[in-house]
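A.B. asks: need coordinates for the following:
(2 chains)
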Number of protein chains: 2
Amino acid sequence: MEREASELFEEFKELTASEFFRRNKQMLGFSGKIRSLTMVFHELITNSLDAAEEAGIQPEIKIDLKRVSKDHYILKHKDNGPGIPENFITKVYCTMFAGSKFRNIQSRGQQGLGCSGCVLLSQMTTGQPAKVVSGYKNGDKLKGVGMTFKMDVKKNQGLILKKKDVEVDSTGVALELQFKDVSYSLSEQGAYEYIRRTVIGNPHARIIFRDPTGHQYIFERATDEIPPLPKEVLPHPRGVTADDLIFMAKHTDKRRFRSLLGSSLSRMSNKRLNEIEEATGIDLNKRPKDMKWEEAEQIVNLFKEMDFMAPPTSGLIPIGKEQIEKGMKEILNPEFVATTTRKPKTYRGGVAFIIEAGIAYGGDSGRLVGDQKRAEIMRFANRVPLTFDQGSCAITDALKSIDWKRYGIKDLENTPVTVFVNIVSTNVPYLSTGKQSVAPEPEILHEVRQATMKIARSLQKYIKAKKAAKEEAMRSKVFESYVPVVLKEAALISGRNVPEYDEVLAKVTRREKFSKFTSEVQNE
Amino acid sequence: MEREASELFEEFKELTASEFFRRNKQMLGFSGKIRSLTMVFHELITNSLDAAEEAGIQPEIKIDLKRVSKDHYILKHKDNGPGIPENFITKVYCTMFAGSKFRNIQSRGQQGLGCSGCVLLSQMTTGQPAKVVSGYKNGDKLKGVGMTFKMDVKKNQGLILKKKDVEVDSTGVALELQFKDVSYSLSEQGAYEYIRRTVIGNPHARIIFRDPTGHQYIFERATDEIPPLPKEVLPHPRGVTADDLIFMAKHTDKRRFRSLLGSSLSRMSNKRLNEIEEATGIDLNKRPKDMKWEEAEQIVNLFKEMDFMAPPTSGLIPIGKEQIEKGMKEILNPEFVATTTRKPKTYRGGVAFIIEAGIAYGGDSGRLVGDQKRAEIMRFANRVPLTFDQGSCAITDALKSIDWKRYGIKDLENTPVTVFVNIVSTNVPYLSTGKQSVAPEPEILHEVRQATMKIARSLQKYIKAKKAAKEEAMRSKVFESYVPVVLKEAALISGRNVPEYDEVLAKVTRREKFSKFTSEVQNE
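C.D. replies: Below you'll find the predicted structure:
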């Protein structure tokens, strides 16, 4: 009973992106109750921070998570960003693969899936519509609109249920979503920890979070500086593929190969363009649409041999060592902290990146496991905490490859330290689909090691000095206890008065030494 | 310098599925040179097997992989399936999220991404068009069409470059694609091993593979039986969510709740429908479009409390213990093999699955690491080899949790065995996005353990018997060497003739015992 093709293809159909992800929500990181909620926080916070910074506003986010019943929550998320114009609201929240961030820019989100993914999860688990109030500037006027909508999964677009103009005090978006089958947790992979780490990586942000018990956490800004806006940078010739060139050629409005290359890639001077023409024999005055694959490949292969300046790093905005220090101090209240921001480097020949690292010791550093303090590794990519897939991440690998004993740490795992590492790049080489781990590019491993070893040396000095100070304090205590007795007895025997010895004793015991050293190390 | 929302949204745009995956090819499993090529083999083989079986044809696949230069290959893949009608060819190969397999059926592929993903990767790495010749039946006529096309990524559809009618001998599809930045490897995660495992899991398939050195491997069928076609089964009430019910209600042509539920879910008798009406108080004569979320939720919650028969298992087609044995014998040529197919069970209350397992010992079993034979674990889901993410898979976990010493295997890792496990289900609970590992549902872990322990016991008996036979053979050898000498000497001393002792000696040494036992164990 063989069947014909025509019969088999009767059921052929096409899904929308929303239908596809409705069937494959794990592809959006929604798997497991705790992880699902953390992913929601991640998507919404990331979007709020990006939006505020793009608009030049100091970010402030208010999050309120109410538990309705077991595994059922109402999430209110409000930011002070520029808001969303009325006609873009359902596009942002209900159309998957739609967004404004498909550029070669260092930003947190880039997929056009974040917000719409959260709305999809909410709808799939509760059937409830999303509610949004958006305040935005329309010329000189401040406009406010409130909207209740669902996602029409079959159409990959929004279905507005209610809409009205509302009064708003300022720009920004307030979103209300309900979720079931998710779970709020204080664990390392839970939503609370995600916020805490976000604040460390974004000391210019203020986050107010009311947890399901009603407790309100206020994470104050550790700094008032808004980070400079990353610039969109042209891709470096070493970072493009033949397919990229063909794609550019197909969708450009330039009239010539020459102007296409010059305007689409960085470091592409006239001199370089002439070199390309000479070496490949390709007439660069041809029209981009006429670019053949072989030509694109020839050019890309040539790029690999040419000497280019390193990619421009104006597109990379690190947090900065001072800001990391402020963030770590604010949240961890540590005894000692050392931070560093490395110079820009490149991986795969053409992608610029910067590694920053910080180490905090004592205070609230480390994580509490039972009643034991353990080391805590906080990984970030463009200031976004990476919460999952720690085991397969280049950052973890690099940290584990360090011989910590050389820095006075016998057993990193059981030391109360928090190690912070942030990779800054327009193209973080994520390993996994969920963007939770960094690929082990040799240059990245090297930079993470170098950065961490530098701050580990500072910590070592601190721990050494602390130990020495402790020993000296012990010695001093002996002096302080016995010297007066000896002096008194000696005076008694010799029949003289007990002399003034305070000043001399202070000099001998040199108690002030350690605290002076500490501030020296921290200012290095 | 605050910026307004309207300005920020100027760059808002929508990507097509193809554009999205062009930027995120790792989401299709294309990461790393070896893995990328294995994924291509996986997608094409999976599609060919599904297509042939759906059409009731014994699958035969011819694959020819030519190396053009380092990391550059031409892949020719030809099957004898029903073919693709002309007007569906570019839809199958160039439109992502399009397919005919979005049903509740046990099939290998289900995403509508497989073939189009391969074409995308080919185009991204080589810029070359895809070539297809499709032979299919059009009524009584055999029609053949040849086509050369590219994928228009911005439109998520095909762009036909050439098309002509061609003569074909039979139905089936021949596809030619070029790839760069991929690598053919003989490693466990490479393309060759993928084919080898496919043949073990699909002993009814014939695969002819010419590798880049020109060597041709012919994997003959171990059986001529085509597996029965899995039937589409209605979802079990325990396996649906409120969102599923709402989705069904929205897109049904039924006029009443009652008929919607009765026709969309399995095990939904009139008696059950009356129970639902009574327990929830919902009027089941309402129109499906009027179904409210609360009602759907109420019904789904009730499902969890009601007694249903287990889901129908007519939709599950295991390979079968005899077929697995044939497959393992054909490929591994082992000294001993034991296989088992368990009865259907359910996980999460409503999803049916079957676990099958096999163990092969000696011969080509195990994998060669250096010059040492190690244990080899072959994981399958619906006959498809799972090649990656072994570490996080329920199958691996279950196997590792078995106390192998109890089965005479001191150290599984260093034993020359091949352990085969296949999970059969309409809904395999994949853990990762790449569908390469199975989630640790307790029922699945339990079944894998039970199946494996059963065959491990057979292996243990075999190993024991083999050892005993060896010892007996040693003993027999002693008898056989000395008895004649003793008899001769005794005869000499007593002055008699040496008696006929062959028959008696054979009885004592009982050499035939072991081989008889072996066949008994294997027929158990």
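A.B. asks: around chain B, which positions in the stretch 101-250 of chain A sit nearby?
C.D. replies: A:102-103, A:111-112, A:123-128, A:136-138, A:153-154, A:171, A:241-243, A:246-247 (Cβ under 8 Å from any Cβ of the partner chain). Where C-beta positions appear, they are placed from N, C-alpha and C, glycine not excepted.
A.B. asks: burial measure for the residue in the stretch 251-400 of chain A that chain B sits nearest to, as a count.
C.D. replies: Sorted by distance to chain B under Cβ to the nearest Cβ, the residues of the stretch 251-400 of chain A start with A:Trp293, at 3.0 Å. Using other Cβ atoms under 10 Å in any protein chain shown, A:Trp293 is surrounded by 16 other residues.
A.B. asks: residues contacting it?
C.D. replies: Applying Cβ atoms under 8 Å, 6 or more residues apart in numbering or on different chains, we find A:Trp293 in contact with A:Ala242, A:Ile246, B:Thr126, B:Gly127, B:Gln128.
A.B. asks: ok, A:Val498 next?
C.D. replies: Here A:Val498 is in contact with A:Pro484, A:Leu487, A:Lys488, A:Ala491 (criterion: Cβ under 8 Å, 6+ apart).
A.B. asks: could you rerun that using 7 Å?
C.D. replies: A:Leu487, A:Lys488, A:Ala491 (Cβ atoms under 7 Å, 6 or more residues apart in numbering or on different chains).
A.B. asks: tell me which element the first one falls in.
C.D. replies: Taking DSSP states H and E as the criterion, the element that holds A:Leu487 is helix A:442-494.
A.B. asks: next one: that helix to chain centre, how far?
C.D. replies: 36 Å (Cα atoms, centre = their mean, to the nearest Å).
A.B. asks: any idea of the angle whichever helix or strand comes after that helix forms with helix A:442-494?
C.D. replies: Next along the chain after helix A:442-494, taking DSSP H and E as the criterion, comes helix A:502-509. Orientation check (axes from the mean of the first three to the mean of the last three Cα atoms, to 10 degrees): helix A:502-509 against helix A:442-494 gives 140 degrees.
A.B. asks: any idea of the mean pLDDT for helix A:502-509?
C.D. replies: Averaging pLDDT along helix A:502-509 gives 70.
A.B. asks: swap in stretch A:424-431?
C.D. replies: For stretch A:424-431, the per-residue pLDDT averages 87.
A.B. asks: buried ones in that stretch?
C.D. replies: Buried positions in stretch A:424-431, judged by neighbour count with 16 or more other Cβ atoms under 10 Å in any protein chain shown: A:Val424, A:Ser425, A:Thr426, A:Asn427, A:Val428, A:Pro429, A:Tyr430, A:Leu431.
A.B. asks: show the end-to-end separation of that stretch, please.
C.D. replies: By Cα to Cα, to the nearest Å, the extent of stretch A:424-431 from end to end equals 16 Å.
A.B. asks: run the chain-centre distance for that stretch.
C.D. replies: The chain centre lies 11 Å from the centre of stretch A:424-431; the measure is Cα atoms, centre = their mean.
A.B. asks: swap in stretch A:51-71?
C.D. replies: Between the centre of stretch A:51-71 and the centre of its chain there are 16 Å (Cα atoms, centre = their mean).
A.B. asks: and that stretch, what's buried?
C.D. replies: A:51-55, A:57, A:59-65.
A.B. asks: likewise for stretch A:324-336?
C.D. replies: Buried residues in stretch A:324-336 (16+ other Cβ under 10 Å): A:Ile324, A:Glu325, A:Lys326, A:Gly327, A:Met328, A:Lys329, A:Glu330, A:Ile331, A:Leu332, A:Pro334, A:Phe336.
A.B. asks: let's see which of those residues end up in helices.
C.D. replies: Using DSSP state H, A:Ile324, A:Glu325, A:Lys326, A:Gly327, A:Met328, A:Lys329, A:Glu330, A:Ile331, A:Leu332 are the members of the buried residues of stretch A:324-336 that sit in helices.
A.B. asks: for the spatially closest residue to the fourth one that is not a sequence neighbour, grab the count of nearby residues.
C.D. replies: To tie it back to what came earlier, the one meant is A:Gly327. Spatial nearest neighbour of A:Gly327, excluding adjacent residues (Cβ to Cβ, 6 or more residues apart in numbering or on different chains): A:Pro203 at 3.6 Å. Counted with other Cβ under 10 Å, residues neighbouring A:Pro203 total 28.
A.B. asks: OK, contacts around A:Pro203?
C.D. replies: A:Arg221, A:Ala222, A:Thr223, A:Gln323, A:Lys326, A:Gly327, A:Glu330.
A.B. asks: spatially, what comes nearest to the first one if we skip its sequence neighbours?
C.D. replies: To tie it back to what came earlier, the one meant is A:Arg221. Nearest residue to A:Arg221 in three dimensions, chain neighbours excluded: A:Arg206, at 4.9 Å (Cβ to Cβ, 6+ apart).
A.B. asks: residues near the one you found, how many?
C.D. replies: 18.
A.B. asks: show me what the helix holding A:Leu487 is packed up against.
C.D. replies: strand A:336-341, strand A:345-347, strand A:351-361, helix A:394-400, strand A:417-425, helix A:502-509, helix A:513-522 (3 or more Cβ pairs under 7 Å, 6 or more residues apart in numbering or on different chains; DSSP states H and E).
A.B. asks: any chance of CSV for the ones you listed, columns distance to chain B?
C.D. replies: Below are the helices and strands packed on helix A:442-494 laid out as CSV (distance: least, Cβ to the nearest Cβ, whole Å):
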stretch, distance to chain B
strand A:336-341, 25
strand A:345-347, 16
strand A:351-361, 15
helix A:394-400, 14
strand A:417-425, 16
helix A:502-509, 55
helix A:513-522, 34
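A.B. asks: what's the closest of these to A:Cys94?
C.D. replies: strand A:417-425 (30.5 Å; Cβ to Cβ).
A.B. asks: helices or strands up against the closest one?
C.D. replies: helix A:321-332, strand A:351-361, strand A:376-381, helix A:442-494.
A.B. asks: out of those, nearest to B:Lys91?
C.D. replies: Between these, strand A:351-361 lies closest to B:Lys91; by Cβ to Cβ that is 35.8 Å.
A.B. asks: just the mean pLDDT for that closest one, thanks.
C.D. replies: pLDDT averaged over strand A:351-361 gives 95.
A.B. asks: partner strands of the helix or strand following that strand, parallel or antiparallel?
C.D. replies: For strand A:351-361, the following helix or strand on the C-terminal side (DSSP H and E) is strand A:367-369. As defined by DSSP bridges, the strand partners of strand A:367-369 come to strand A:372-374 (antiparallel).
A.B. asks: show residues contacting the strand it pairs with.
C.D. replies: Outside strand A:372-374, the residues within contact range by Cβ under 7 Å, 6+ apart are A:Gly366, A:Arg367, A:Glu413, A:Asn414, A:Pro416.
A.B. asks: ok, now how distant is the fourth one from A:Lys405?
C.D. replies: Okay, so that is A:Asn414. Using Cβ to Cβ, to the nearest Å, A:Asn414 is found at 13 Å from A:Lys405.
A.B. asks: ditto for A:Glu441
C.D. replies: Using Cβ to Cβ, A:Glu441 is found at 27 Å from A:Lys405.
A.B. asks: more crowded one of those two?
C.D. replies: For A:Glu441 versus A:Lys405, the count of surrounding residues by other Cβ under 10 Å is larger for A:Glu441: 16 against 10.
A.B. asks: is it true that the more buried one touches A:Pro429?
C.D. replies: Yes: A:Glu441 is within contact range of A:Pro429, at 5.8 Å (criterion: Cβ atoms under 7 Å).
A.B. asks: what is in contact with those two at once?
C.D. replies: Common neighbours of A:Glu441 and A:Pro429 (Cβ under 7 Å, 6+ apart) are A:Tyr347.
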